[in-house]
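Trainee: With the input below, show me the fold.
(one chain, ligands or ions: 1)
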Amino acid sequence: MSNLELTRLRGFQDSLGADARAMSLVEEQARTIFERYSIKEIRIPVLERTQLYVRSSGETSDIVEKQMYSFTDRDEGETVVALRPEGTPGVVRAYVEAGLDRTDPEQRLFYSGPMFRRERPQKGRYRQFYQFGVEIFGRPDAACDAELLIMIDELCRDLKLPFTMEINSIGDNKCRPAFREALVAWGRAHWDELDDDCHNRLDRNPLRILDCKKDAKVTESAPNSLDYLCDECRAHFDTVKELLSAAGVAYVVNPRMVRGLDYYTRTAFEVMAGGLGAQSTVVAGGRYDGLVEAMGGAAVAGIGFAIGVDRLALALQAAGVTPNVGPDAAIIAMGPAATRLAVVVARDLRAAKLNVEMLSPEKKMKSLLARASKIGARIAVIIGDDELARGVVQLRDLKQSTQREVAVADAARVIADATTEI
Ligand code: HAM
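Mentor: Numbers count the residues shown, from 1 in each chain. Below you'll find the predicted structure:
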């Protein structure tokens, strides 16, 4: 582009063609499966008070410390607002604001849309990215954790994604303080081996020292959360594992996974896929039993997760699961009379649930056939005056380079057979 000032911003993406199709495939499949699990849609604003995220995501989280697009809205009496960096705080706010925590606390909700974080852009990490998330309220039981993990497993398998699921328990308000103290004590004992980033984490949010990438070797000897669980948290985690095994879900316990947001309690989980380099986590979430109350609501349990739609789409493409973007049929009509039949044929094919693109009737056959191949159509439906007179169409299979004539009335069935047999 000649005018540099009009190009897109760093970390902001345009998605077209197969990339956009892969993202909608993830979204469509997520919606279908979530609805099968009786989870209902909620739509929430993209813009909220910055304070909402400070209070929920956590003052010491990377999101709040350095990644928010936050600004003062002059029209709103100098309110400081932010583009949402994640969906959970907005959903909790909406749930409390609607009074559901008191009137009808058990809720199963899903949401989707763009999130914004001013991160250092790289493959699979953008400043605007898309999440498809779920939040369940009023279910403190381990069966709920297991059901969500079973659902995620089902989604990834339906999408034919090779993946691994990691789970952990980070305890609750009762047992986590001891774990935190143990981490601090460990950090002090190993102070000289740790870099500034780790020192900073140890001061502000000791759990996150386990995420310290630079000193991963050193932190191998740090205490792990499972050794500090109280009896209730341990029993909860054991039940989650038991139910996953009963349902045949494969998982790995990773006692070093702590998650980057402050609200988590007990079960935390991440799903990893290959082909993404450093940004391999495609789904992540966990339980947050104290969050609703901390946000001014009743003491209601919560658990949820979000799919990183961009990343999951990239992982699918890396795994060779590339969705077809071309139509089932491209219609080529030669001349005005044939075009009148072509619109009827197109309507019938679409009524038979086939994807159809009508090409311009004002071009030559050769360039239209080239166009049909270029857009990835499986079949070219060719209609000329001769076909019109005899009530037939020519079906050219663009993959196999074969052609046959069929009666207009049979076209939909023949195309449907040809496009499903691959
Ligand atoms: P999160 O781990 O911050 O959790 O994000 C969830 C997923 O969103 C990540 O695993 C990743 O796939 C995707 N994601 C995050 N940041 C980016 C980025 N900059 N570019 C591309 N993809 C990204 C949450 O957001 C929690 N709200 C999840 C949750 C819901 N926990 C409980 N309920």
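Trainee: Now do the buried residues in stretch 63-76.
Mentor: By 16 or more other Cβ atoms under 10 Å, the buried positions in stretch 63-76 come out as Ile63, Val64, Gln67, Met68, Tyr69, Ser70. Bear in mind the C-beta positions are built from the backbone N, C-alpha and C, glycine included.
Trainee: what does stretch 327-346 give?
Mentor: 327-334, 338-339, 341-342, 345-346.
Trainee: hmm, whatever helix or strand Gln131 lives in in reach of the ligand?
Mentor: Gln131 belongs to strand 128-137 when assigned by DSSP states H and E. Yes - residues of strand 128-137 contacting the ligand under Cβ under 6 Å from any ligand atom: Phe129, Gln131, Gly133, Glu135.
Trainee: swap in stretch 296-304?
Mentor: Yes - for stretch 296-304, a contact with the ligand is found by Cβ under 6 Å from any ligand atom, at Gly304.
Trainee: For that stretch, buried residues please.
Mentor: Neighbour-count burial for stretch 296-304 [16+ other Cβ under 10 Å]: Gly297, Val300, Ala301, Gly302, Ile303, Gly304.
Trainee: Tabulate the residues of strand 128-137 next to the ligand (JSON lines), appending pLDDT and distance to Glu232.
Mentor: Rendered in JSON lines, the data for the residues of strand 128-137 next to the ligand read as follows (pLDDT from 0 to 100; distance: Cβ to Cβ, whole Å):
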{"residue": "Phe129", "pLDDT": "98", "distance to Glu232": "36"}
{"residue": "Gln131", "pLDDT": "98", "distance to Glu232": "31"}
{"residue": "Gly133", "pLDDT": "98", "distance to Glu232": "27"}
{"residue": "Glu135", "pLDDT": "98", "distance to Glu232": "23"}
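Trainee: quick one: contacts for the residue in the chain that the ligand sits nearest to?
Mentor: Here the chain gets closest to the ligand at one residue, Gly308, 2.0 Å apart by Cβ to the nearest ligand atom. The neighbours of Gly308, taking Cβ atoms under 8 Å, 6 or more residues apart in numbering as the test, are Gly124, Phe129, Tyr130, Gln131, Thr281, Val282, Val283, Ala284.
Trainee: okay if I get these as a markdown table plus neighbour count?
Mentor: Listed next are those as a markdown table, based on neighbours: other Cβ atoms under 10 Å:
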| residue | neighbour count |
| --- | --- |
| Gly124 | 23 |
| Phe129 | 19 |
| Tyr130 | 22 |
| Gln131 | 21 |
| Thr281 | 16 |
| Val282 | 26 |
| Val283 | 26 |
| Ala284 | 21 |
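Trainee: Nearest to Glu242 among these?
Mentor: Using Cβ to Cβ, Val283 comes nearest to Glu242 of these, at 21.7 Å.
Trainee: The helix or strand encompassing the closest one vs strand 128-137, what angle?
Mentor: Using DSSP H and E, Val283 maps to strand 281-287. Here strand 281-287 runs at an angle of 30 degrees relative to strand 128-137 (axes from the mean of the first three to the mean of the last three Cα atoms, to 10 degrees).
Trainee: immediately after strand 281-287, which helix or strand?
Mentor: helix 291-294.
Trainee: residues from the chain in reach of the ligand?
Mentor: 86-88, 117, 119, 124-126, 129, 131, 133, 135, 261, 281-282, 284-286, 304-306, 308, 310-311.
Trainee: what angle separates the longest helix along the chain from strand 128-137?
Mentor: Identified as the longest helix of the chain according to DSSP state H is helix 17-36. Between the axes of helix 17-36 and strand 128-137, defined by the same axes, to 10 degrees, the angle is 10 degrees.
Trainee: Which neighbouring elements make contact with helix 17-36?
Mentor: strand 107-116, strand 128-137, helix 142-158, helix 309-318 (3 or more Cβ pairs under 8 Å, 6 or more residues apart in numbering; DSSP states H and E).
Trainee: ok, how many other residues are close to the residue nearest to Glu154 when sequence neighbours are not counted?
Mentor: Computed as Cβ to Cβ, 6 or more residues apart in numbering, the closest residue to Glu154 that is not its neighbour in sequence is Ile33, at 6.1 Å. Number of residues near Ile33 (other Cβ atoms under 10 Å) recorded here: 17.
Trainee: wait, Ile33 sits on Cys156?
Mentor: No - contact between Ile33 and Cys156 fails when scored by Cβ atoms under 8 Å: they sit 10.1 Å apart.
Trainee: Any buried residues in stretch 365-376, and which?
Mentor: For stretch 365-376, the neighbour count (16+ other Cβ under 10 Å) marks Leu368, Leu369, Arg371, Ala372, Gly376 as buried.
Trainee: okay, those in CSV with pLDDT next?
Mentor: CSV is the format used below for the buried residues of stretch 365-376 (pLDDT from 0 to 100):
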residue, pLDDT
Leu368, 96
Leu369, 96
Arg371, 96
Ala372, 97
Gly376, 94
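Trainee: looking at this, Ile63 is in a strand?
Mentor: No - under DSSP: H, G, I helix; E, B strand; the rest coil, Ile63 sits outside any strand and is assigned helix.
Trainee: was I right about it contacting Arg118?
Mentor: No - contact criterion Cβ under 8 Å: Ile63 and Arg118 do not qualify, at 9.5 Å.
Trainee: Downstream of the least confident helix or strand in the chain by mean pLDDT, the next helix or strand is which one?
Mentor: Ranked by mean pLDDT, DSSP states H and E, the helix or strand of the chain with the weakest confidence is helix 216-219, at a mean of 78. Note on helix 216-219: by DSSP H and E, the next helix or strand toward the C-terminus is helix 231-246.
Trainee: Partner strands of the helix or strand that that next one is followed by and their direction?
Mentor: Counting by DSSP H and E, the next helix or strand C-terminal to helix 231-246 is strand 252-253. Using DSSP bridges, the strands paired with strand 252-253 are strand 163-169 (parallel).
Trainee: chain center to the partner strand: distance?
Mentor: Computed by Cα atoms, centre = their mean, to the nearest Å, the chain-centroid distance of strand 163-169 equals 17 Å.
Trainee: Give me the packing partners of the helix or strand in which Glu48 is found, helices and strands only.
Mentor: Using DSSP H and E, the element containing Glu48 is strand 47-49. Here strand 47-49 touches strand 79-83, helix 88-97, going by 3+ Cβ pairs under 8 Å, 6+ apart.
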